[in-house]
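> Prediction below, plus the sequence it came from.
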Amino acid sequence: MQTSTYLPWIGPNYGKSELGKLLIIGDSHYFNNDEPENLADFTKAQIAELDDISSNFHNRIIQIFVHQKHSDFWQKVAFANGIQSAFTSANQVPTKAEKDRAELAFKEYLNSVKPDKVVVFSSRLWEHFFNKPGWGTHLGKIDDRWNIRELDYDGGKCTALGIYHPSAHGFQTANFKDVIQRFLKY
């Protein structure tokens, strides 16, 4: 991977569970202290310790996918954040260059993990990726709001959905649980 700073997490049961080959894309990593030396493996290290230390983002994700323990859920999926630079606060806004790089990293993640389904939990990245012509085909909507796209990657295709970040104001776990379940059956 040339654009990606952070390697994706790929759970040992990815593609072997009821979720199939599901890739989850988040927004960004936050570092309140110094950045770790090994950024490439940071996502993997973060996922490995979620049963002990987890964020609102990760807690809402397992609620949406109806799991009790992080270790049970994250073993079944692949995960990466789109923004490839370290943020220092949740209200930090990515630059256009950071969003452009996130788009390239997203394409690398698709080629790397070869998912069947993708959920992008970041409206700002989703809209940056797809509010221009050139990649992906619009397939439909859920609730006349949440766009589903078909995306190509090296050797395959997947369907993708973009929704709000679970920490966004007004995010309703129960509502998005329904949207995600409908998407997984799409």
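Arrived safely, thanks for sending. Note that this is a predicted model, so its numbers are computed, not measured. Numbering: from 1, shown residues only.

> what helix or strand does the residue nearest to T173 when sequence neighbours are not counted sit in?
Leaving out its chain neighbours, the residue that sits closest to T173 by Cβ to Cβ, 6 or more residues apart in numbering is Q63, at 5.1 Å. No exception for glycine: its C-beta is placed from N, CA and C like everyone else's. Using DSSP states H and E, Q63 maps to helix 56-64.

> just checking, what packs against that helix?
Helix 56-64 makes packing contacts with helix 70-74, helix 173-185 when contacts are defined by 3 or more Cβ pairs under 8 Å, 6 or more residues apart in numbering; DSSP states H and E.

> what would those look like in CSV with distance to D100, mean pLDDT and mean neighbour count?
As requested, those are exported to CSV (distance: least, Cβ to Cβ, whole Å; pLDDT from 0 to 100; neighbours: other Cβ atoms under 10 Å):
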stretch, distance to D100, mean pLDDT, mean neighbour count
helix 70-74, 28, 93, 20
helix 173-185, 26, 94, 15
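
> Could you export those helices as TSV, including distance to L139?
Below are these laid out as TSV (distance: least, Cβ to Cβ, whole Å):
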stretch	distance to L139
helix 70-74	26
helix 173-185	11
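
> closest to P115 out of those helices?
Nearest to P115, of all the helices and strands packed on helix 56-64, is helix 173-185, at 12.1 Å by Cβ to Cβ.

> Output the closest one in CSV, but only the C-alpha positions, please.
C-alpha atoms of helix 173-185 as CSV (Å, rounded to 0.1, in the frame of the first residue of the first chain):
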residue,chain,number,x,y,z
THR,A,173,-28.2,3.6,17.1
ALA,A,174,-31.6,1.9,16.7
ASN,A,175,-32.3,3.7,13.4
PHE,A,176,-29.0,2.8,11.9
LYS,A,177,-29.2,-0.8,13.2
ASP,A,178,-32.2,-1.1,10.9
VAL,A,179,-30.5,0.6,7.9
ILE,A,180,-27.4,-1.6,8.3
GLN,A,181,-29.5,-4.8,8.5
ARG,A,182,-31.4,-3.8,5.4
PHE,A,183,-28.1,-3.0,3.6
LEU,A,184,-26.6,-6.4,4.5
LYS,A,185,-29.6,-8.1,2.8
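
> Now do the end-to-end distance for stretch 134-146.
This stretch, stretch 134-146, spans 19 Å end to end (Cα to Cα, to the nearest Å).

> what's the answer for stretch 151-158, then?
Stretch 151-158 has an end-to-end distance of 5 Å (Cα to Cα).

> No more questions from me, cheers.
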